[in-house]
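**Student:** Provide a 3D model corresponding to the input given below.
(2 chains)
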Number of protein chains: 2
Amino acid sequence: MYIHGYGERESERLLAQAASVVRLLHGDTRFPPGSRVLEVGCGTGAQTVSLAHNSPGAHIVAFDRSIASLARAIERVAAAGLANVEFLHADLLALPFDAESFDHVFVCFVLEHLSNPIAALRLVKQLLKPGGTVTVFEGDHGSAYFHPDSEIAHRAIACQVELQRRAGGNACIGRQLYPLLVTAGYDAPCVTPRVVYVDATSPALVDSFIRKTFTWMVAAVREEALAARIIDAATFDAGIRDLNRAAEPDGVFCYTFFKGVAVKPAQTSGGLQWP
Amino acid sequence: MYIHGYGERESERLLAQAASVVRLLHGDTRFPPGSRVLEVGCGTGAQTVSLAHNSPGAHIVAFDRSIASLARAIERVAAAGLANVEFLHADLLALPFDAESFDHVFVCFVLEHLSNPIAALRLVKQLLKPGGTVTVFEGDHGSAYFHPDSEIAHRAIACQVELQRRAGGNACIGRQLYPLLVTAGYDAPCVTPRVVYVDATSPALVDSFIRKTFTWMVAAVREEALAARIIDAATFDAGIRDLNRAAEPDGVFCYTFFKGVAVKPAQTSGGLQWP
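**Tutor:** Have a look, this model is predicted:
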């Protein structure tokens, strides 16, 4: 759920400020004391803080390929007073870890950016001990709807989806976690939707989620969408206005994230397979 | 979520057979012993059974304007061995009850069919004692998405939405429960989404919800949609095929219902108002 470039993961930073969303996403993710947990693509550490906070006895190893992001993640985790995270500058395709050296792997808002998410899940599986788990989080822009409804707002969202597609990603990957985990050879996949439902009874969420996370993220692709001639400026701006309209007192906004947990089979050849 | 005519509420009957969906919808709806609860538009009693079962000490008064539906509701409630329901043949616009004669009101899958749901909520409010609650359930067809995604499947769903609109209803009303309750003059509205997430780990739900509830309901408008020239037969049939595709082993289907609870203010002039 980030925009490429310098503003990278700014929307995630804002998202992480909405306490209720953090609880909704991460409240039930706990790893046991003594376990070694790998966070894939930690970015600026927005999720790392929740991960390390909720599993104080676990040893977290977090990596990212962007040095700038990693620097911010290190600052943020230190500012939160968390001492159970080790940071590493590395790329998923060339990780310096031994096979089967982690008890658990945590992958949050990463698969959406990859042209081959199944290959990434398979790579990660090699690093897991048999019986270890992978925990994956993704949003799904096709799950966004709101009141008042607006076809133009959906067209603005579609710009973000289309640009992410052209960059090799998939902004609607959340709904696919189950088949992705199965195809990558994991066992016992369990996917649960987490709906962010926002109306005026949660003013903080109206501001932090509707305006400063979701609409911000869509608005951020304006210049790129116009340059690519996917949409004209007037339509795009009207779409953004209609998205923010859902933040008015009679508005409602819904967005769904998906959490998937699955197990590395004891036998390398195992895992569910489609018939 | 029903089709008009003889098959009325057949999809609700099927929905009510999916135990996990019933728990998701009604599991947290309980009325205290001794309370008088009005069920508005009970139809064939699919929801009445859950309502009466979960609140065994409450006295339920259920009404519908269709005698045929009511007859089936009476049979169903008797077959379930429930003795706390009184049935009445009546119309919402001409109810034989005194003002402020109910502690709670329950309205499930009714507002979506009304051209003026706010007026209905106001009528119901007159029957409630001050401090009494209204509990409303609605689906939202705009919340349906699935994997593999299919533009044609969305066009088939849109036929159902359009026909319901022409009949004066709104198949996407679920997201609007909060503003509807506020506008009708209720206090303390609390709306919660209930997502039906279906993948192959729940084979019973794949069959009962994807195939026999949602797709069945969309497929049921085929002749009406073709007669109204909203869509051509080949496109519609392909859309239905694509909806059923989500019931294959690698498929995923999501649909969201909304539950809203709100309170009748102590003073008639009370209630939240938009600025």
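
**Student:** Around chain B, which positions in the stretch 151-275 of chain A sit nearby?
**Tutor:** A:172, A:175-176, A:178-179, A:182-183, A:189-193, A:195, A:197, A:199-201, A:249-252, A:254, A:256, A:274-275 (Cβ under 8 Å from any Cβ of the partner chain). Every C-beta, even on glycine, is put in place using the N, C-alpha and C of the backbone.

**Student:** where exactly do the strands run in the stretch 101-250 of chain A?
**Tutor:** Secondary structure of the stretch 101-250 of chain A by DSSP state E, counting those that start in this stretch: the strands cover A:102-108, A:128-147, A:187-198.

**Student:** what's the last one packed up against?
**Tutor:** To tie it back to what came earlier, the one meant is strand A:187-198. Applying 3 or more Cβ pairs under 8 Å, 6 or more residues apart in numbering or on different chains; DSSP states H and E, one finds that strand A:187-198 contacts helix A:19-26, helix A:177-183, strand A:252-263, strand B:187-198, strand B:252-263.

**Student:** May I have the strands that pair with the fourth one, each with its orientation?
**Tutor:** So the one you mean is strand B:187-198. strand B:252-263 (antiparallel) (DSSP bridges).

**Student:** What residues of the strand it pairs with count as buried?
**Tutor:** Neighbour-count burial for strand B:252-263, counted by 16 or more other Cβ atoms under 10 Å in any protein chain shown, picks out B:252-263.

**Student:** wait, which of the strands of the stretch 101-250 of chain A is closest to A:Thr235?
**Tutor:** strand A:128-147 (17.3 Å; Cβ to Cβ).

**Student:** Strand B:128-147 and the helix ranked longest in chain A, what's the angle between them?
**Tutor:** Counting residues, the longest helix found in chain A (DSSP state H) is helix A:151-166. Interaxial angle, helix A:151-166 versus strand B:128-147 (axes from the mean of the first three to the mean of the last three Cα atoms, to 10 degrees): 40 degrees.

**Student:** Run the chain-centre distance for helix A:151-166.
**Tutor:** Its chain's C-alpha centre and that of helix A:151-166 lie 18 Å apart, by Cα atoms, centre = their mean, to the nearest Å.

**Student:** Pull it out as PDB, backbone CA atoms only.
**Tutor:** C-alpha atoms of helix A:151-166 as PDB (Å, rounded to 0.1, in the frame of the first residue of the first chain):
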ATOM      1  CA  GLU A 151     -18.300   6.100 -10.000                       C
ATOM      2  CA  ILE A 152     -15.700   8.900 -10.400                       C
ATOM      3  CA  ALA A 153     -14.100   8.000  -7.100                       C
ATOM      4  CA  HIS A 154     -13.800   4.400  -8.200                       C
ATOM      5  CA  ARG A 155     -12.100   5.700 -11.400                       C
ATOM      6  CA  ALA A 156      -9.500   7.500  -9.300                       C
ATOM      7  CA  ILE A 157      -8.900   4.400  -7.300                       C
ATOM      8  CA  ALA A 158      -8.500   2.500 -10.500                       C
ATOM      9  CA  CYS A 159      -5.600   4.800 -11.500                       C
ATOM     10  CA  GLN A 160      -3.700   3.600  -8.500                       C
ATOM     11  CA  VAL A 161      -4.500   0.000  -9.300                       C
ATOM     12  CA  GLU A 162      -3.500   0.400 -12.900                       C
ATOM     13  CA  LEU A 163      -0.200   2.100 -12.200                       C
ATOM     14  CA  GLN A 164       0.700  -0.600  -9.600                       C
ATOM     15  CA  ARG A 165      -0.200  -3.200 -12.200                       C
ATOM     16  CA  ARG A 166       2.100  -1.500 -14.800                       C
END
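
**Student:** Can you list the buried residues in it?
**Tutor:** By neighbour count on 16+ other Cβ under 10 Å, the buried set for helix A:151-166 is A:152-164.

**Student:** buried set for stretch A:194-201?
**Tutor:** A:194-200.

**Student:** For those, could you give me CSV that also reports pLDDT?
**Tutor:** Below are the buried residues of stretch A:194-201 laid out as CSV (pLDDT from 0 to 100):
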residue, pLDDT
A:Arg194, 97
A:Val195, 97
A:Val196, 97
A:Tyr197, 97
A:Val198, 98
A:Asp199, 98
A:Ala200, 98
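
**Student:** Look up how far chain B lies from the spatially most central residue of chain A.
**Tutor:** In chain A, the centroid-proximal residue (Cα atoms, centre = their mean) is A:Phe109; its distance is 2.0 Å. From A:Phe109 across to chain B, the span is 19 Å (Cβ to the nearest Cβ, to the nearest Å).

**Student:** Verify the stated contact: that residue with A:Asp140.
**Tutor:** No. Under the criterion of Cβ atoms under 8 Å, A:Phe109 makes no contact with A:Asp140, lying 11.6 Å away.

**Student:** Which residue is the nearest non-sequential neighbour of A:Ala233?
**Tutor:** In space, not counting the residues next to it along the chain, A:Ala233 is nearest to A:Leu226; the distance is 5.8 Å by Cβ to Cβ, 6 or more residues apart in numbering or on different chains.

**Student:** what's the burial count for that neighbour?
**Tutor:** Using other Cβ atoms under 10 Å in any protein chain shown, A:Leu226 is surrounded by 14 other residues.

**Student:** Return the residues in contact with it.
**Tutor:** A:232-233, A:236 (Cβ atoms under 8 Å, 6 or more residues apart in numbering or on different chains).

**Student:** Which of those residues has the largest number of neighbours?
**Tutor:** A:Phe236 (22 neighbours).

**Student:** Can you tell me which residues in the stretch 1-150 of chain A are near chain B?
**Tutor:** By Cβ under 8 Å from any Cβ, the residues of the stretch 1-150 of chain A that approach chain B are A:140, A:142-143, A:145-147, A:149.

**Student:** Quick check: the two most widely separated of those residues?
**Tutor:** So, the residues of the stretch 1-150 of chain A next to chain B by Cβ to Cβ: farthest apart are A:Asp140 and A:His147, at 19.0 Å.

**Student:** Please read off the pLDDT at the closest residue to A:Ala225 other than its chain neighbours from the model.
**Tutor:** What sits nearest to A:Ala225 in space, not counting adjacent residues and going by Cβ to Cβ, 6+ apart, is A:Cys159, at 4.0 Å. Note for A:Cys159: predicted pLDDT of 98.

**Student:** Was I right to think A:Gly185 contacts A:Val263?
**Tutor:** No. Judged on Cβ under 8 Å, A:Gly185 makes no contact with A:Val263 at a distance of 10.6 Å.

**Student:** residue contacts, the spatially closest residue to A:Pro33 that is not a sequence neighbour?
**Tutor:** Spatial nearest neighbour of A:Pro33, chain neighbours left out: A:Gly57 (2.7 Å); criterion: Cβ to Cβ, 6+ apart. With contact taken as Cβ under 8 Å, 6+ apart, A:Gly57 is in contact with A:32-35, A:84.
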